[in-house]
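Peer 1: Could you look at this predicted model? Sequence included:
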Amino acid sequence: MDWFFNLESEEQEFVKQFLLASGSLKHLAKQYGVSYPTVRVRVDKIIEKVKLTDGNKDSFEINIMQMVIDEKLSLDIAKQIIKKYQESTNE
């Protein structure tokens, strides 16, 4: 259940609403007043975060990749940071 606690509170609420809507993205889009594709993108981002926490990655790497998913950091920069981090931990 760690994956749930790694989500931000608004993402946890979104998951709750998704469950209460019986998994209907169409219903969620209507509830949030946004388009279906907007809801789909949000679900995809949450899925990526859940997948991250299910892997055997270091928590530092998970945090960096979550920043990529949240579009706070580019993938190229994240890869460089993780590579440098791995090099420093292997010394």
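Peer 2: Right, received. Where do you want to start? Here the structure is a predicted model, which is why all the values come from computation and not from measurement.

Peer 1: And the helix or strand of the chain with the lowest mean pLDDT, what's buried?
Peer 2: Taking mean pLDDT, DSSP states H and E as the measure, the helices and strands of the chain show their lowest mean at helix 2-5, namely a mean of 80. Neighbour counts using 16 or more other Cβ atoms under 10 Å place no residue of helix 2-5 among the buried ones. Using the backbone N, CA and C atoms, a C-beta is placed for each residue, glycine as well.

Peer 1: which residues touch the helix or strand just after that helix?
Peer 2: Secondary structure here is assigned by DSSP states H and E; on that basis, the next helix or strand after helix 2-5 toward the C-terminus is helix 9-20. Applying Cβ atoms under 8 Å, 6 or more residues apart in numbering, the set of residues contacting helix 9-20 from outside is 4, 7, 25, 28, 31, 42-43, 46, 49.

Peer 1: Check the offset of the least confident helix or strand of the chain from the chain's centre.
Peer 2: 11 Å (Cα atoms, centre = their mean, to the nearest Å).

Peer 1: Identify the residues contacting that helix?
Peer 2: Judged by Cβ under 8 Å, 6+ apart, the contacts made with helix 2-5 from elsewhere in the structure are 12, 15, 49-50, 53-54.
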